[in-house]
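**Q** Predicted structure and sequence below. I'll ask about it afterward.
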Amino acid sequence: MWPNSSLSELLRAAGKGVTALLFPPRCFICGTSQAELRPLCPRCLEEIEVFAGALCAICGHPVKEGVDICRECAVEPRPYAWARALGPHRGVLRVLVLGMKEGERALARLLSGLLVSFLPRDAEIIAYVPPDPGRKGTWHAAEGLARELSRLSGIPLEGLLVKTRSTPPQVSLGYEERRANLEGAFSARRVGRGERVVLVDDVYTTGTTAAECSRALVSAGFGEVMVLTASRTVRHED
Ligand SMILES: [Zn+2]
Ligand SMILES: [Zn+2]
């Protein structure tokens, strides 16, 4: 659950801004003191809700047993092969994702340890959704998560994408506006040769960001794109 974490690695991480989390060691969720240097106590770790039932074969949204693809994927072509997330963006998992976005690097390690088994064996590159050019600060959660996944799997990390213009937050927009907002906002840094790419992000919401990034990769010559996120928002079960 917390693989490859040696004390020296954790101390190195502490120097990069998780000091408050580690000294004294307290659970990030409930604040209980812990004997070991871990971001979560065993009880909160078990509280992480992961997808257990049937999922849309394309976007990974929960579906009823026996259903192949969800209503949205039935009408909208997706430029990626599939998308998967650990679980729904709520409860403990949501708090962990938000904490990771705010700079808790230890949480990127924890979440990558849980996500690593989702990586397809034949993936050749791990890439990530790039930050908005207007964003301040050096920590970018999607990149941090991708970096940890690369370290755990040995699949090379490459910053294949760049966001070429700043866009308003997707949250404030309706469906059509989301698409228009991001259309052409991402481009590949190099030409692809059919490599199969895992695209990492922190959270999958409507899938517009994943779709626009995938379009940029495919049109640059990369092969199949598979999307991996820590969490994803869910509608009513399809
Ligand atoms: Zn706890
Ligand atoms: Zn779907």
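**A** Alright, I've got the coordinates. Fair warning: this is a prediction, and the values are worked out from it, not measured in the lab. Residues are numbered from 1 along each chain as shown. Ligands and ions are numbered 1, 2, ... in the order given.
**Q** From the contact counts, what lies against the host helix or strand of residue 111?
**A** Assigned by DSSP states H and E, residue 111 belongs to helix 105-115. Applying 3 or more Cβ pairs under 8 Å, 6 or more residues apart in numbering; DSSP states H and E, one finds that helix 105-115 contacts helix 7-13, strand 82-88, helix 91-101, helix 141-153, strand 225-232. For every residue, glycine as well, the C-beta is placed using N, CA and C.
**Q** Show me what counts as buried in that helix.
**A** 105-115 (16 or more other Cβ atoms under 10 Å).
**Q** Output the helices and strands packed on helix 105-115 as JSON lines; include the columns mean neighbour count and distance to ligand 2.
**A** Listed next are the helices and strands packed on helix 105-115 as JSON lines, based on neighbours: other Cβ atoms under 10 Å; distance: least, Cβ to the ion, whole Å:
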{"stretch": "helix 7-13", "mean neighbour count": "13", "distance to ligand 2": "36"}
{"stretch": "strand 82-88", "mean neighbour count": "21", "distance to ligand 2": "8"}
{"stretch": "helix 91-101", "mean neighbour count": "20", "distance to ligand 2": "20"}
{"stretch": "helix 141-153", "mean neighbour count": "22", "distance to ligand 2": "21"}
{"stretch": "strand 225-232", "mean neighbour count": "26", "distance to ligand 2": "10"}
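**Q** By mean pLDDT, show me the worst of the ones you listed.
**A** Here those differ in mean pLDDT, and the lowest is helix 7-13 at a mean of 48.
**Q** ok, the residue located most distally from the centre of the chain - contacts?
**A** Taking Cα atoms, centre = their mean, the residue of the chain most remote from its mean C-alpha position is residue 35, at 29.3 Å. Contact analysis of residue 35 by Cβ atoms under 8 Å, 6 or more residues apart in numbering lists residue 25.
**Q** The chain should start at 2 in everything you say after this.
**A** Sure thing, new numbering starts at 2, so read that last one as residue 36.
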